[in-house]
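Q: Provide a 3D model corresponding to the input given below.
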Amino acid sequence: MFNFGPAPKNRLYTGLNSYLMFLGYAVGGRFQQSRKDVEVFEKALAKRFGTEYAVCTYQCRVGIYLAVKGLIKPGQEVILSPYTITDVINMVIFAGGRPVFADVDRETCNISVAEVERLINANTGAVLITHLHGLAAEGKRIKEICDRYNVPMIEDAAQSFGVVEQGKPVGTIGDVGAFSFEMHKNLTTWLGGVVVTNRKDLAEKIRAELNNFTNAPLPGIKRKVKSGLIHDIAGSPVIFQLLTYPLLRYSYLNKVESINDIFRRKPQVSKPATELPEEYKSWYTPFQARLGLSQLNHIDRDIKTRIDNALLYYEGLKDIDELILSPLRTDGSNTYLWFPIQYSNREELLKFMYVNGRDIAAGHFTSTADSPRFQEYYRDCPNARKVEKELIYLPTYPSYSRHEIEQNIKVIRQYFASRVQPVTRQTVGVSS
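A: Have a look, this model is predicted:
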């Protein structure tokens, strides 16, 4: 069969079952008030993570808000990474905290341990670490620092369901962890998340807050399902090969911004506010719980496939000095939601990939420390600023074939081979 183009850079972890279960919820399931299925899902999650408590929330960010609110006193500082979505910073502010931006490590894109140790002080109410791209953020080292100052540690594990650090699941290393089940995650219930903890006092505070939430989540879930359906149709093999990719490639190479803006994945934004938006005060639904339960058995298999895919990238690109690669780990501490690489001339490399018929993506997070919205909390974070400008995602999702990975590697190597100056260790005579 003639190959018109590559496989898409991103596929959702959805299936027909995801849409059918939503349809059942939309038609009549939203009127069912029983939380039995949610309780079953929470118990299954608590068992998986080895925690006493697991509490499902409307979104991961709501879980972060509830965790911060339950742990700090109003006005206390919360140390966190600037390389994240705007709403994570909002959650800290809505919960009464003052964000203190700690720069990231260039290689991992995760919060710097040294920066946490430098910034922690008597007014620190909590340290919020993010395990980004499926990579553990040295939680145990940061927890040791927190313990010395008697400061709680919160883990944003939105992108890291199934990651372990030294045999312990991320999200359970600190006082509380928050996970996301949003549609792009490897366990998706369209929207939603879960907070896990062993602290009874915190779990009770979180549940008490949730008991005051009354909004039906249908509008938010409906938006996600609509977006997911468009994504799945556009990324289906025939449509992607014949229509989506040719349009995507043409618009990128010819700078048709009206089309590029549709295809480009953007950082999540929210309207300016001073308190938690009413829409976020929604409950997690039984249909989402049933959907999550149906996916739990596939998580570890998918993680193994992603790690195998990442190993191919690492071996194929490790000798290119101009690239910063995600750390090679096979102990479960890096599950490679993508394979992130960093390159100083990102736009030139992306253009070369499109010219040669490949589909990869620029990183879509920003350095929130530079955001005008958070000017009051500004700190110079040069590493986060560089990551924002240089990060590229290479696909690792389970159905992405070895052939596609090898083609990506081939074209990336062609790009560097075409440059005038030698850039590989092999070229300059240094062993890899």
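
Q: Surely Val113 and Gly139 touch.
A: No. Counting by Cβ atoms under 8 Å, Val113 stays clear of Gly139, with 9.8 Å between them. Any C-beta I mention is one placed from the backbone N, CA and C, and that applies to glycine too.

Q: Settle it for me: which of these two has more neighbours?
A: Neighbours were counted for Val113 and for Gly139 using other Cβ atoms under 10 Å; Gly139 has more, 28 against 18.

Q: Go ahead and list the helix or strand containing the residue most central in space within the chain.
A: For the chain, Gln159 is the residue whose C-alpha lies nearest the centre (Cα atoms, centre = their mean; 3.4 Å). Counting by DSSP states H and E, no helix or strand carries Gln159.

Q: Asp232 versus the closest residue to it other than its chain neighbours, what's the distance?
A: Once flanking residues are discounted, Gln159 sits nearest to Leu337: 5.2 Å by Cβ to Cβ, 6 or more residues apart in numbering. Using Cβ to Cβ, to the nearest Å, one gets 18 Å for the distance from Leu337 to Asp232.

Q: Equivalent analysis for Gly192, please.
A: 19 Å.

Q: now do Trp283
A: 26 Å.

Q: Given the lengthiest strand in the chain, what are its sheet partners and their directions?
A: For the chain, the strand with the greatest residue count under DSSP state E is strand 124-130. With DSSP bridges as the test, strand 124-130 is paired with strand 77-80 (parallel), strand 153-156 (parallel).

Q: These into CSV, with extra columns for mean pLDDT, mean neighbour count and distance to Asn186?
A: Formatted as CSV, the strands paired with strand 124-130 follow (pLDDT from 0 to 100; neighbours: other Cβ atoms under 10 Å; distance: least, Cβ to Cβ, whole Å):
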stretch, mean pLDDT, mean neighbour count, distance to Asn186
strand 77-80, 98, 26, 23
strand 153-156, 98, 28, 16
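
Q: List the buried residues of the helix of greatest length in the chain.
A: When the chain is scanned for its longest helix (criterion: DSSP state H), the result is helix 299-317. Across helix 299-317, burial judged by 16 or more other Cβ atoms under 10 Å covers 299, 302-303, 305-307, 309-310, 312-314, 316-317.

Q: before we move on, what about stretch 277-290?
A: Neighbour counts over stretch 277-290 (16+ other Cβ under 10 Å) mark Tyr280, Lys281, Ser282, Trp283, Tyr284, Thr285, Pro286, Phe287, Gln288, Ala289, Arg290 as buried.

Q: How about residues contacting that stretch?
A: With Cβ atoms under 8 Å, 6 or more residues apart in numbering as the contact definition, stretch 277-290 has outside contacts at 21-22, 24-25, 29-30, 32, 34-38, 40-42, 56-59, 61-62, 65, 181, 189-192, 210, 212-217, 219-221, 270-271.
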